[in-house]
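Asker: I need the structure of the sequence given here:
(chains A and B)
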Amino acid sequence: MANGEALHGVGGLTYDPSRRALPPELNVLIALVAITVVFELLNRYNFGWLWNDLPFQQGKSFLFNTRDNLDTLFNEQRINIILLQVAITGIIAIGVTQVIILGGIDLSSGSIVGATAMIAMSFAQTATVNGNPNPKAIFGEGFMDLWVLVPILVGLTCGLIAGCVNGRLVAYTRIPPFIATLGMMVSARGVAKWWSNGNPVSFPTESYASLSNGDMLGGMTFGLLSWSGQNPALVFFLLAILFHLIMTYTLYGKRCYAIGSNEAAARMSGINIARHKVLVYTIAGLLAGVAAILLTSKTLTAQAGMGVMLELDAIAMAVIGGVSLTGGRGSIIGTVLGALIFSVIISGFTSIQLDAYYQEMVKGAIIVGAVVMDQWRQSKRGRG
Amino acid sequence: MAAKQAGARIVSDFILETRGLTKHYGGVHALTDASFTLKRGEHVAIMGDNGAGKSTFVRQITGVEQPTRGEIIFDGNAHLFNSPIAAREAGIEAVFQTLALADDLDVPSNLFLGREKIRWNLGPFSILDRRAMREATMAALVKTGVKIPNLSNTIRNMSGGQRQCVAIARTAAFKSKLVIMDEPTAALGVQETAQVENIIRTLKEAGEPLILISHNMRQVFDLVDRIVVFRRGRIVANLAKEDTDGQDVVSYITGAKTGAEFEGAA
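Answerer: This next block holds a predicted model:
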């Protein structure tokens, strides 16, 4: 601000730049670092014997490489798993974040993943498995061994249609988003089960399988870099960057925040709220479609039960990342950090050999804790 | 009625004229036959009890709602504003009773809410010209004499007075031909009220016409040239400031008196 000093004082108020509020994402980042440090310590001073009757052993590490036969600084295998296991839910969370910032909620993304997975996979099947005809074939010969772009487009279209229906329900009827997307959640799960009478759809073509399991970074950089089998994580980060830029620098992002923080004001300002809502829910559906394609490509099969509870994990990631459920506040960066917190906790519990049951308990506690922290921070800052 | 208004057809004299403006909400007659004129550069106060039709009147001329019957002639042309954007594009800027501000956005974003400056037009994904909006915000704040400590602060973190100032500065950020303020100081403290009143005086000096809705008799007599009183959805008095006093206006508001030319109206 060029003449910042000149602009002070309604009733003698002055502006002190040092009192400017820190970005809320910083708190999430600090939490992520703190949780990582805790797991590093728990690994270094192995406490496993406390809960697992394992022999006491020292010298393990969470993040760093402790093997003599590898010369890397970090435990790359662990880091890759941390990034990979969160990528697909993370992609959904990017869409959910936008919906929540808009002041809505999307409960249907997990079911959209299920339905899209079944439908897209049916167009990705290979004709012969080990010389025999594909035992899981959904369609006849003519729909086998299709070009890889066909299942991709089918998957994206499924997500797009489901999202568009969500958006239209929310924008043009007076149904609250919770109910509209709850309906979609139940219906899309029904579609997933009906599609192949509950049977799994398996055996995709090699090119479809390589969508997740190939080395996209290698292809993009002409072999300069390589990150094999990590394509979902790569796509997650690319989409996160893209949507961070969109939310920060474009009309689309500005309107999401405006509608989420005061819908009446946005309407009075002449923003076409209904059209914008349809657009945001459609993008959320599209991202669920992307997640479904990457998920089936990674697991090489599609089942009707795929993606159950993913919507709640995605919402939890957004909430941990500082996205306010009342709308208007939050960011994609926050959600990415929230997703990483999620993943570090899962990997951390595995690394200290604690049973998976505890993971869920702690995850729940962290979700509530994150919101309590956020509220506390809000009230502490008050009017500044 | 029409004959009496015939003289008003001289376009250049009036910035705004309404003829027989009527609004029914179902069976509720919120506004009946409101015929109103505003000269260029004139500041007029609209007074009246709660539910007298003041805000309804404003909602019709700002395009928030569409009248059941009647004409709006603004700047020489008959208009039918089908949205607030249409009214705003014609040059009518309004500061509403319920502040039309988004709490989680900063000052420039609020000033340009709904008409953001665009650097590259890509439809809904158009890239915002944040620097231009920031500079225009500074200019608007200087023009209205509004002082806001930090432009990138969100509205949520501002006092009531600062919020009101931002809402008013919005009207100055664009070339408006008419400013309408609906109870701009209703929720403000003494000092903040003085600030807003100063802004209104600045508008008067700049020759910008203003419609002010207010319950504050002192403020009205301080600021405006003419007082129009609404009662039960009708205009019941049109008083030049010099010819009236507080007691007189109150009797029009409460219904003890009705203007001679409006006899039989209420």
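
Asker: Distance check, A:Ser202 against A:Met118.
Answerer: 11 Å (CB to CB, to the nearest Å). Where C-beta positions appear, they are placed from N, C-alpha and C, glycine not excepted.

Asker: Likewise for A:Val368?
Answerer: Going from A:Val368 to A:Met118 by CB to CB gives 34 Å.

Asker: who touches residue 80 in this structure?
Answerer: Assuming you mean chain A. Counting by CB atoms under 8 Å, 6 or more residues apart in numbering or on different chains, A:Asn80 touches A:Gly229, A:Gln230, A:Ala233.

Asker: other chain: chain B
Answerer: B:Leu80 touches B:Gln66, B:Ile72, counting by CB under 8 Å, 6+ apart.

Asker: before we move on, back to that, need the overlap of contacts for A:Ser202 and A:Met118.
Answerer: Taking CB under 8 Å, 6+ apart as the criterion, A:Ser202 and A:Met118 both touch A:Ala302.

Asker: out of the two, which sits in the more crowded spot?
Answerer: The neighbour comparison of A:Ser202 against A:Met118 (other CB atoms under 10 Å in any protein chain shown) goes to A:Met118, with 27 against 19.

Asker: element containing that one?
Answerer: For A:Met118, the host element (DSSP states H and E) is helix A:109-122.

Asker: Next: A:Gly260.
Answerer: Going by DSSP H and E, A:Gly260 is part of helix A:251-261.

Asker: so where is the chain shaky, pLDDT-wise?
Answerer: Chain wasn't specified; assuming chain A. For chain A, the stretches with pLDDT under 70 are A:1-22, A:46-59, A:377-378, A:380-384.

Asker: think we crossed wires, I meant chain B
Answerer: In chain B, residues with pLDDT under 70: B:1-12, B:97-99, B:263-266.

Asker: In the stretch 51-200 of chain A, what residue lies closest to chain B?
Answerer: Going by CB to the nearest CB, chain B is nearest to A:Ile101 of the stretch 51-200 of chain A, at 9.0 Å.

Asker: show me the contacts for that residue.
Answerer: Residues near A:Ile101 by CB under 8 Å, 6+ apart: A:Met247, A:Cys256, A:Tyr257, A:Gly260, A:Val323, A:Gly327, A:Gly328, A:Arg329, A:Gly330.

Asker: ok, now how distant is it from A:Ile332?
Answerer: Here A:Ile101 is placed at a distance of 9 Å from A:Ile332 (CB to CB).

Asker: shared neighbours, these two?
Answerer: Both A:Ile101 and A:Ile332 are in contact with A:Met247, where contact means CB under 8 Å, 6+ apart.

Asker: what residues does the stretch 1-150 of chain B put near chain A?
Answerer: Contacts of the stretch 1-150 of chain B with chain A, taken as CB under 8 Å from any CB of the partner chain, map to B:64, B:83-85, B:88, B:96, B:98-105, B:109, B:113-116, B:118, B:122, B:124-128, B:130, B:138, B:141, B:146-150.

Asker: Helices - which of those land there?
Answerer: Of the positions in the residues of the stretch 1-150 of chain B next to chain A, B:Pro84, B:Ile85, B:Arg88, B:Ser109, B:Arg130, B:Met138, B:Leu141 sit in helices, assigned by DSSP state H.

Asker: just so I have it, where are all the strands in chain B?
Answerer: Under the criterion DSSP state E, strands of chain B are mapped to B:14-25, B:28-39, B:43-48, B:69-74, B:77-79, B:92-95, B:118-120, B:127-128, B:178-182, B:210-213, B:226-231, B:234-240.

Asker: cool, the stretch 101-250 of chain A as well?
Answerer: Per DSSP state E, counting those that start in this stretch, the stretch 101-250 of chain A carries strands over the ranges A:128-129, A:132-133, A:201-202.
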